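Peer 1: How does the following fold in three dimensions:
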Amino acid sequence: MRLPQGALYLATTVILLLAACQAGADTASEARLTAIPTQSPSSTNDVARPIKSTVRDSGAGGVTVEATWLGRQADGTIAIKLTLDTHSVDLTSFDVATNVTLRDERGTEVAVSSWQDERRDSHHRSGVLRFPALSSDTNQERVTLVVRNLAGVAERTLSFEFQR
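Peer 2: Sure, this is the predicted structure:
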């Protein structure tokens, strides 16, 4: 079916307006954290998109940890949104920047370069982690977010698997 020129123009305008409204609803920090496109798969500097962009743990110690891969940023850092949810633990005292690292498949860990709280209350906490780029000499197939010392759990791991 072929739409008349005016109807096509109207439909395109509505779609663009809806997309602009949705983008405006995002927080300023999320707007600044737009992932840049990955390079070709043959490049050793790219960090490909994960098969599952959001991973979640089992909720040990009464706290569920969820991580969403935001990707490589324009400044070269890797951004991950972290969400902590509970009904029984006070999350305000958990030091995210000290207790979270990113581990490559060789076992090398990098520390958080920055943490930006988006929501900070006692039972629901979220924000964006930034890490320095991982070693460029490895074509990563798995990257693991490591969360330590949260709600009596020594170490939790959330892995992102990448398709190459």
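Peer 1: how about the strands in the protein?
Peer 2: Using DSSP state E, the strands of the chain run over residues 54-56, 63-72, 78-86, 100-103, 109-111, 114-120, 124-131, 142-150, 153-161.
Peer 1: low-scoring stretches of this structure, by residue?
Peer 2: Scanning the chain for pLDDT under 70 picks out the ranges 1-48, 135-139, 164.
Peer 1: domain ranges for the protein?
Peer 2: 1-32, 35-161 (automatic domain parsing).
Peer 1: could the strands of the chain go into TSV alongside mean neighbour count and distance to Thr92?
Peer 2: (Glycine included, C-beta is placed from N, CA and C.) Output for the strands of the chain, formatted as TSV (neighbours: other C-beta atoms under 10 Å; distance: least, C-beta to C-beta, whole Å):
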stretch	mean neighbour count	distance to Thr92
strand 54-56	15	21
strand 63-72	20	13
strand 78-86	21	10
strand 100-103	20	16
strand 109-111	13	22
strand 114-120	14	6
strand 124-131	19	7
strand 142-150	18	13
strand 153-161	15	18
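Peer 1: Select, out of those, the one closest to Phe94.
Peer 2: Closest approach to Phe94 among the strands of the chain is made by strand 142-150 (5.9 Å; C-beta to C-beta).
Peer 1: which secondary structure elements does that closest one contact?
Peer 2: In terms of contacts (3 or more C-beta pairs under 8 Å, 6 or more residues apart in numbering; DSSP states H and E), strand 142-150 is packed against strand 63-72, strand 78-86, helix 96-99, strand 100-103, strand 153-161.
Peer 1: Output these as CSV; include the columns distance to Val143.
Peer 2: As requested, the helices and strands packed on strand 142-150 are exported to CSV (distance: least, C-beta to C-beta, whole Å):
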stretch, distance to Val143
strand 63-72, 8
strand 78-86, 8
helix 96-99, 18
strand 100-103, 6
strand 153-161, 5
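Peer 1: one step back: let's have the strands of the chain in JSON lines, adding distance to Ser93.
Peer 2: As requested, the strands of the chain are exported to JSON lines (distance: least, C-beta to C-beta, whole Å):
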{"stretch": "strand 54-56", "distance to Ser93": "22"}
{"stretch": "strand 63-72", "distance to Ser93": "13"}
{"stretch": "strand 78-86", "distance to Ser93": "12"}
{"stretch": "strand 100-103", "distance to Ser93": "15"}
{"stretch": "strand 109-111", "distance to Ser93": "20"}
{"stretch": "strand 114-120", "distance to Ser93": "11"}
{"stretch": "strand 124-131", "distance to Ser93": "11"}
{"stretch": "strand 142-150", "distance to Ser93": "11"}
{"stretch": "strand 153-161", "distance to Ser93": "15"}
